[in-house]
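J.: Here is a sequence together with a model predicted from it:
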Amino acid sequence: MKRDQYFSFYLTLILTLFSFGQADAKSKEITPDGFNWMSRTSIDIMKTYRHYNTFIEQNNPKFLFDAHTIQTAQNDYILPTSLGPITSGPIQGEMAIYYNWQINQKKQIGFFAFVNSIDLQIDSKLHPNLRDTDGPYGDLYGWKSAKYIMAADHEFSPDIKITLGALVNYRPYLTLAADSSQQFDIYYDEEKEEYRTDKDAAELFFHGTFYGYDIGTLYQFEANTFSLIELKRFFKMGEDAGYLALGYNHYSYLKTHQLGLEYEHNSLLPLPVHLEAYWNLYRDKKWNDIGYFLFSTRRTFLKDESPAADAEPEKDFFITAHGGISYSKDLFTEGLPGYFINFDMNHIWGYWTNLMIGYSYNYHDYLHRLPIKDEHSIVVAFRIMI
């Protein structure tokens, strides 16, 4: 199928998605405390790792590059800073780079680099002097909270696989204003000879699978504690790679303890289904409450299913529509129903080139990544895999 036949479709889809949320809205403020809550509840580097690790196990690439972002439709959020009120547009992003080094026929090592970040970008149109390399502070991108991982994995047997790596945790640089309230600030880094807006600290990342058990942890050296522990027990549902999993999560922030289950099947129903349901055993001084529930499914269009298609050196273009609904009390005290729809366009320019564009409103997974409720969010992802 010729790709130029879909140019009008791409353009129409993009314009339609970006037209959501363009109604007038009053300016909102994001305080340092608010941003700390946003970042501590949304930056889940373990979820990022699990997402990419599942994709890599299913496709076994030699090389993978993937970038995935969510951005609010409105860019009118005001930040209190030492430089005065600054207008910003929140954006959440994930990126992965993976390389598979084949040592011999039986041994291989995978090298990962992951980024999970939530950023408050300075509006360059309203504050050109702060985004100018020749300005008084250089090009100040904004304030961010992010986790960067450099890791390697090795499969010792089909039932044992370990991933171990170093993690760098970035936090925004904050100071006290004249009224003793916190404000976003900048400082001059003598070593790097530049103004910076963040501080960093080292942590440890570990993930392992052992005979159906799955454990992931993050260890903070400064606090001498585990900030995250996720334990899952997987039960395979047959040859089609479906599964049922029982899960327990502990997050040091807000002293969260969750218990739940996950279910996925590709052929039991007419469409593939994915279900998750988690209960907050304890969170922020509250016992026994709903965590979240979500359901998602997908449908593929325009795909050539003929046996000859697998022998072609360049795959045919096709589209996957992915949608879902959720109900969440995981982040906000009130229950929030939400939904999303994504369109994943595959093999646009080459064998493994994908472009995904979507829209979300209060859907749990995207709300967890960018926790701003009742906001129209645009989702964009780009992937190259060899």
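T.: Sure, I can see it.
J.: Tell me where the model's unsure across the stretch 1-150 of the chain.
T.: 1-27, 43, 74 (pLDDT under 70).
J.: So the most centrally placed residue in the chain: helix, strand or coil?
T.: Closest to where the C-alpha atoms of the chain average out (C-alpha atoms, centre = their mean) is residue 94, at 4.8 Å. Local secondary structure at residue 94 is given as strand here, using DSSP: H, G, I helix; E, B strand; the rest coil.
J.: thought it was touching residue 48?
T.: Yes: Residue 94 lies in contact with residue 48 (C-beta atoms under 8 Å); the separation is 5.2 Å. Glycine gets a C-beta too; all of them are placed from N, C-alpha and C.
J.: Find residues that contact each of the two.
T.: Contact criterion C-beta atoms under 8 Å, 6 or more residues apart in numbering; residues bridging residue 94 and residue 48 by contacting each: 114, 116.
J.: Thought residue 87 was touching residue 75, still the case?
T.: Yes: between residue 75 and residue 87 a contact is recorded at 7.2 Å, counting by C-beta under 8 Å.
J.: Show me where this protein has its helices.
T.: In the chain, helices defined by DSSP state H lie at 7-19, 32-42, 45-59, 364-369, listed in chain order.
J.: As CSV, those with distance to residue 66 would be great.
T.: Putting these into CSV (distance: least, C-beta to C-beta, whole Å) gives the following:
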stretch, distance to residue 66
helix 7-19, 20
helix 32-42, 19
helix 45-59, 7
helix 364-369, 15
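J.: could those go into TSV alongside mean neighbour count?
T.: What follows is the helices of the chain, written out as TSV (neighbours: other C-beta atoms under 10 Å):
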stretch	mean neighbour count
helix 7-19	12
helix 32-42	19
helix 45-59	17
helix 364-369	24
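J.: which one of those lies closest to residue 199?
T.: Of all those, the one in closest proximity to residue 199, counting by C-beta to C-beta, is helix 32-42 (13.0 Å).
J.: what's the closest one in contact with?
T.: Counting contacts by C-beta under 8 Å, 6+ apart, the residues touching helix 32-42 from outside are 30, 80, 90, 92, 118, 120, 143, 145, 171-172, 174, 182-184, 253-254, 331, 368-372.
J.: Let's see that with 6 Å instead.
T.: Contact partners of helix 32-42, identified using C-beta atoms under 6 Å, 6 or more residues apart in numbering, comprise 118, 145, 174, 182, 253, 331, 368-369, 371.
J.: so how far is that helix off the chain centroid?
T.: Relative to the mean C-alpha coordinate of its chain, helix 32-42 is positioned 15 Å out (C-alpha atoms, centre = their mean, to the nearest Å).
J.: go on, stretch 338-354?
T.: So, by C-alpha atoms, centre = their mean, the centroid of stretch 338-354 is 16 Å from its chain's centroid.
J.: So which bits of that stretch are buried?
T.: Residues of stretch 338-354 classed as buried by neighbour count (16 or more other C-beta atoms under 10 Å): 338-347, 352, 354.
J.: Quick check: residue 89 vs residue 64, distance?
T.: Residue 89 sits 28 Å away from residue 64, taking C-beta to C-beta, to the nearest Å as the criterion.
J.: which of these two has more neighbours?
T.: Between residue 89 and residue 64, counted using other C-beta atoms under 10 Å, residue 64 has the larger neighbour count: 21 against 17.
J.: The nearest residue to residue 85 once chain neighbours are set aside pairs with what?
T.: For residue 85, ignoring the flanking residues on the chain, the nearest one in space by C-beta to C-beta, 6 or more residues apart in numbering is residue 78 at 5.2 Å. With DSSP bridges applied, residue 78 shows beta-bridge pairing to residue 29, residue 87.
J.: isn't residue 78 right next to residue 29, touching?
T.: Yes: the pair residue 78 and residue 29 passes the contact test of C-beta atoms under 6 Å, sitting 4.7 Å apart.
J.: who has more neighbours, those two?
T.: Taking neighbours as other C-beta under 10 Å, residue 78 and residue 29 compare with residue 78 leading, 14 against 10.
J.: how much space between the more buried one and residue 342?
T.: Counting by C-beta to C-beta, the separation of residue 78 from residue 342 is 30 Å.
J.: With that, I have no additional questions.
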